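Participant: I would like to see how this sequence folds:
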Amino acid sequence: MPVPPDPRKKASSVKIHVSSGAGVDIAWADGHASHYEFADLREQCPCATCDEERRKKELFAAQGGSFAAALPMYKPKASARSAKAIGSYAIQITFNDGHSTGIFSFDYLRTICPCEACARAFRSSGN
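Facilitator: Numbering: from 1, shown residues only. As a prediction, this is how the structure comes out:
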């Protein structure tokens, strides 16, 4: 039997500030508000390619390596070129590095909300 969606992870208002570069603001149905910087969203992109890259970095770090030392190249801060709604459940952002395959569901965005309350509620309990 499917698990019913968590009503706390339903967005009531979404503002994506592409032109100003200010990030993404979401008001949630339970009254909570979240702000996401584009750089943080790019780092936490949920697509398969980015997930694989994160796994490689973790493995490399576990073996005593450092990507900072291995790849000392300059990279500009991530920003958004464009963004669009995906139905009523997600947003898709095209970043300034051309990456656009990540679909950020509202469920995922609430789970990665940077505030301490959401960290306790959604990440520490395995929700």
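Participant: Give me the below-cutoff pLDDT ranges for the protein.
Facilitator: Applying pLDDT under 70 to the chain picks out residues 1-2, 65-74, 125-127.
Participant: for it, longest helix please?
Facilitator: Counting by DSSP state H, the longest helix found in the chain is helix 48-62.
Participant: Kindly format the C-alpha coordinates of it as CSV.
Facilitator: Coordinates of each C-alpha in helix 48-62 appear next as CSV, following Å, rounded to 0.1, in the frame of the first residue of the first chain:
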residue,chain,number,x,y,z
ALA,A,48,21.5,10.3,-11.2
THR,A,49,24.6,11.9,-12.6
CYS,A,50,25.1,14.2,-9.6
ASP,A,51,24.3,11.3,-7.2
GLU,A,52,27.0,9.2,-8.8
GLU,A,53,29.5,12.1,-8.6
ARG,A,54,28.7,12.5,-4.9
ARG,A,55,29.3,8.8,-4.3
LYS,A,56,32.7,9.0,-6.2
LYS,A,57,33.7,12.0,-4.0
GLU,A,58,32.8,10.2,-0.8
LEU,A,59,34.7,7.1,-1.9
PHE,A,60,37.7,9.2,-2.9
ALA,A,61,37.6,11.0,0.5
ALA,A,62,37.2,7.7,2.4
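Participant: Tell me the buried residues in stretch 82-94?
Facilitator: 83, 89-91, 93-94 (16 or more other CB atoms under 10 Å). For every residue, glycine as well, the C-beta is placed using N, CA and C.
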